[in-house]
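> predicted model follows, preceded by the sequence.
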Amino acid sequence: MRNFISPILVSIIIFSVSCGFYSEEEISIMTQKIESLEEENALLQEELISAQNAATRDICRANMRTIASQEVVYFSANTEFTTNIDDLGMTGIVCPGCNEEYNITAGTDSYGFIYYSITCPELHGRINNGLPSWR
């Protein structure tokens with residue numbers, strides 16, 4: 001994000017110098033403070049973006065845990081897992097990061113074990129047979 005504070009303050013400083021309101025030393029101190037504030041602002045923006053990304057990831061993972069729980073409920077009623085999110089009563093549940101549906105697979109592996117897997121299209125993780133990848 002571009003910081004628009006600096007151009008405004010620079011204009012104020014130029015005006016103040018031309019009118020003789022501040023000495024060169026005072027202008028230098030103000031300029032250093034402005035630069036320091038801009039650096040702090042950039043760091044805070046990075047931290048905010050990082051926190052937003054973590055929150056999005058956590059919401060996505062909570063969605064996948066809920067889908068996994070619904071798979072177990074579905075299995076208890078139908079003796080099979082489903083790949084259709086509508087069958088789970090979770091229509092419209094998407095990853096909040098990319099707004100896409102989760103990839104759900106289910107079936108029987110080569111050993112005869114029944115399985116299901118839920119994967120986030122945004123790579124926030126996956127759940128295989130109730131076990132999350134992010135432990």
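Nice, I can see it.

> low-scoring pLDDT stretches of this protein, where are they?
Within the chain, the set of residues satisfying pLDDT under 70 comprises 1-10, 13.

> which residue lies farthest from the center of this structure?
For the chain, the largest distance from the centre (C-alpha atoms, centre = their mean) belongs to Gly20, which lies 49.0 Å off.

> neighbours of Glu39, how many?
Neighbouring residues of Glu39 were enumerated by other C-beta atoms under 10 Å; the total is 11. (Each C-beta comes from the backbone N, C-alpha and C, glycine too.)

> kindly apply the preceding question to Ile104 instead.
Taking other C-beta under 10 Å as the definition, Ile104 ends up with a neighbour count of 22.

> please apply the same query to Ile118.
Neighbours of Ile118 using other C-beta under 10 Å come to 26.

> give me the element it is part of.
Assigning secondary structure by DSSP states H and E places Ile118 in strand 114-119.

> buried residues in that strand?
Residues 116-119 are the ones in strand 114-119 that count as buried (16 or more other C-beta atoms under 10 Å).

> what sits up against it?
Counting contacts by C-beta atoms under 8 Å, 6 or more residues apart in numbering, the residues outside strand 114-119 that touch it are 64, 67-68, 71, 75, 80-81, 102-109, 125-129.

> so who does Cys95 touch?
Residues in contact with Cys95 (C-beta under 8 Å, 6+ apart) are 60, 63, 101-102, 120-122, 124.

> show the buried residues in the residues you listed.
With neighbours counted using 16+ other C-beta under 10 Å, the contacts of Cys95 contain these buried positions: 60, 63, 102, 120, 122, 124.

> show me the contacts for the last one.
In this case it means His124. Each residue near His124 by C-beta under 8 Å, 6+ apart is listed here: 56-57, 60-61, 64, 95, 97, 134.
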